[in-house]
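>>> model this:
(one chain, ligands or ions: 1)
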Amino acid sequence: MDDGLRKFIEGMPKIELHLHIEGAMEPEMLMKLAERNGIELPYKDLEELKAAYKRGSAYKDLQEFLDLYYQGMNVLRKEEDFYDLTKAYLTKIASQNVTHTEIFFDPQGHTERGVAFETAINGITRALDEAKTEGLDVEVAGRTENRKVTSKLIMSFLRHMTEKEGFETLEQARPHMDKIDGFGLDSSENGHPPTKFERLYATLKGEYPDKRLMAHAGEEGPASYVWEAIDTLKIDRIDHGNHSLDDSALVERLAHDGTGLTVCPLSNLKLSHTLDMDTKQKMVSLKEHRLKDMLAANLKATVNSDDPAYFDGYMNENFIAIAEALDLTKEDITKLARNAIEVSFLSPEEKIQKNEELDTYIERDRLSSQYVKQDTGHQRFFA
Ligand SMILES: [Zn+2]
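Now for the predicted structure:
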């Protein structure tokens, strides 16, 4: 890839809209928390654990990933563990020039292991609040810089569980609503259509009209699940949404409504995303990814990392990989960044400010690329 484009991506101010905090569990963190909590792992050392993360190759199947994922979740026991995990993620993205993130957490993945709802949410929000107010110390080019990251917290329901269990989790969440900005629906999609949660979402919308709703749909499930998410659950944003492209009426509707799609390229690659529902053809290369088609169809597609520790990359790695595979231009990349601003849950004033930051960055890049370094070492201006 062109080094200029890589640097452009790395330096660009970015917003992340699809991130599961439990998916930011790096092997080193997993090891540290397991030791701290006296949990025995089925690996003899860090190297063996790292190998289980299958860096650079796809998981055998969804189950292989989920087994690893739930094992990673299992080391989260105390508030401090959730705090450390969240702070490590925020520090990492701050170093990648991500200035705002909207993160999911899965309370049911913790409460069903006997970890209290408040243990999880208090640890996560303490780190989120510190990143907003005090900022994070980030190593950039050999020196330490303090950077702030703003955020929203989205409580997600596990769709393989029942709607009744979802309602029980909602009860546990009620005292913490001041910390929650929205609700999502994740975990295994097939066989668990959005309509399964129709009553729960109607309750959320009725009782918390200021909070945002979203659902994972059209990742492994069909376009009909995306329809259900928008018409039945009345969501504000679709997570993934890849299979929306299979239905032209749906594409038209999403484009008309300006509904955001939080696309996760490396996640799709590492989980061998099913490209074609009929033939079950699997994605083997990012060159087959349909992100460019989404942009061409005027969909508000964005780039995100999903579970960065398990899928080989945070925001920069996702942007670089997809830009390289699809030959994206600077214009495509800035379009993706603008879409993220537009479909984020920031206020109108904050969106203006984010767009201005991006404008400044693009202008600076435009000016600097008018200079080319000559062999003599002098810089010459090309008007
Ligand atoms: Zn996800």
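>>> what's around residue 261, how many residues?
Using other Cβ atoms under 10 Å, residue 261 has 27 other residues around it. C-beta coordinates here come from the backbone N, C-alpha and C atoms, glycine included.
>>> surely it meets residue 243?
No: with contacts counted by Cβ atoms under 8 Å, residue 261 stays clear of residue 243, the gap being 10.7 Å.
>>> ok, how many other residues are close to residue 329?
For residue 329, the tally of surrounding residues (other Cβ under 10 Å) stands at 11.
>>> for it, give me the pLDDT.
Residue 329 carries a pLDDT score of 96 in this model.
>>> list phi and psi for it.
phi -100, psi 170 (degrees, to the nearest 10).
>>> repeat that for residue 237.
Reported as degrees, to the nearest 10, the phi and psi values for residue 237 are phi -150, psi 150.
>>> that one reaches residue 343, doesn't it?
Yes: Residue 237 lies in contact with residue 343 (Cβ under 8 Å); the separation is 5.8 Å.
>>> more neighbours: the two, which one.
Taking neighbours as other Cβ under 10 Å, residue 237 and residue 343 compare with residue 237 leading, 26 against 23.
>>> for the more buried one, what are its contacts?
By Cβ atoms under 8 Å, 6 or more residues apart in numbering, residue 237 lies in contact with 17, 212, 214, 259-262, 343.
>>> again, only using 7 Å
Shown in contact with residue 237 (Cβ atoms under 7 Å, 6 or more residues apart in numbering): 214, 259-260, 262, 343.
>>> those residues into TSV, with extra columns for distance to residue 144 and secondary structure?
Output for the contacts of residue 237, formatted as TSV (distance: Cβ to Cβ, whole Å; DSSP: H, G, I helix; E, B strand; the rest coil):
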residue	distance to residue 144	secondary structure
214	36	strand
259	40	coil
260	34	strand
262	31	strand
343	33	helix
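>>> between the residues you listed, which sits nearest residue 285?
Of all these, residue 285 sits closest to residue 262, with 21.7 Å by Cβ to Cβ.
>>> looks like the closest one contacts residue 304 (just checking).
Yes: in this structure, residue 262 is within contact of residue 304 by Cβ atoms under 7 Å, at 5.0 Å.
>>> okay, and the common contacts of the two?
By Cβ under 7 Å, 6+ apart, residue 262 and residue 304 have these common neighbours: 17-18.
>>> doesn't residue 164 make contact with residue 157?
No: contact criterion Cβ under 7 Å: residue 157 and residue 164 do not qualify, at 11.4 Å.
>>> three-state assignment of residue 69?
The three-state assignment at residue 69 reads helix, by DSSP: H, G, I helix; E, B strand; the rest coil.
>>> quick one: residues contacting the spatially closest residue to it that is not a sequence neighbour.
In space, and not counting its chain neighbours, residue 69 is closest to residue 310: 6.4 Å by Cβ to Cβ, 6 or more residues apart in numbering. By Cβ under 7 Å, 6+ apart, the residues touching residue 310 are 23, 53, 65, 68-69.
>>> and the contacts of residue 237 as TSV, adding distance to residue 318?
As requested, the contacts of residue 237 are exported to TSV (distance: Cβ to Cβ, whole Å):
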residue	distance to residue 318
214	19
259	21
260	16
262	11
343	17
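>>> wait, which of the residues you listed is closest to residue 314?
Using Cβ to Cβ, the shortest approach to residue 314 within these belongs to residue 262, at 14.6 Å.
>>> any idea how far the closest one lies from residue 217?
Residue 262 sits 11 Å away from residue 217, going by Cβ to Cβ, to the nearest Å.
>>> common neighbours of those two, please.
Common neighbours of residue 262 and residue 217 (criterion: Cβ under 7 Å, 6+ apart): residue 240.
>>> who has more neighbours out of the two?
Per other Cβ under 10 Å, whichever of residue 262 and residue 217 has more neighbours is residue 217, with 31 against 26.
>>> now the more buried one, which residues is it bridged with?
Taking DSSP bridges as the rule, residue 217 bridges to residue 240.
>>> what is the helix or strand residue 138 falls within packed up against?
Using DSSP states H and E, residue 138 sits within strand 136-140. Judged by 3 or more Cβ pairs under 7 Å, 6 or more residues apart in numbering; DSSP states H and E, strand 136-140 is in contact with helix 79-95, strand 143-147.
>>> other residues contacting that strand?
By Cβ under 7 Å, 6+ apart, the surrounding residues in contact with strand 136-140 are 90-91, 94-95, 144-147, 149.
>>> so among those, which ones count as buried?
Neighbour-count burial (16 or more other Cβ atoms under 10 Å) is assigned, among the contacts of strand 136-140, to 90-91, 94-95, 147, 149.
>>> can you redo those as CSV with distance to residue 129 and pLDDT?
As requested, these are exported to CSV (distance: Cβ to Cβ, whole Å; pLDDT from 0 to 100):
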residue, distance to residue 129, pLDDT
90, 11, 98
91, 15, 98
94, 15, 98
95, 20, 97
147, 15, 98
149, 11, 98
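>>> identify, from these, the entry nearest to residue 115.
Relative to residue 115, the closest of these is residue 90; by Cβ to Cβ it sits at 21.0 Å.
>>> ok, now which ones touch the closest one?
Residue 90 is in contact with 127, 131, 136, 149, counting by Cβ under 7 Å, 6+ apart.
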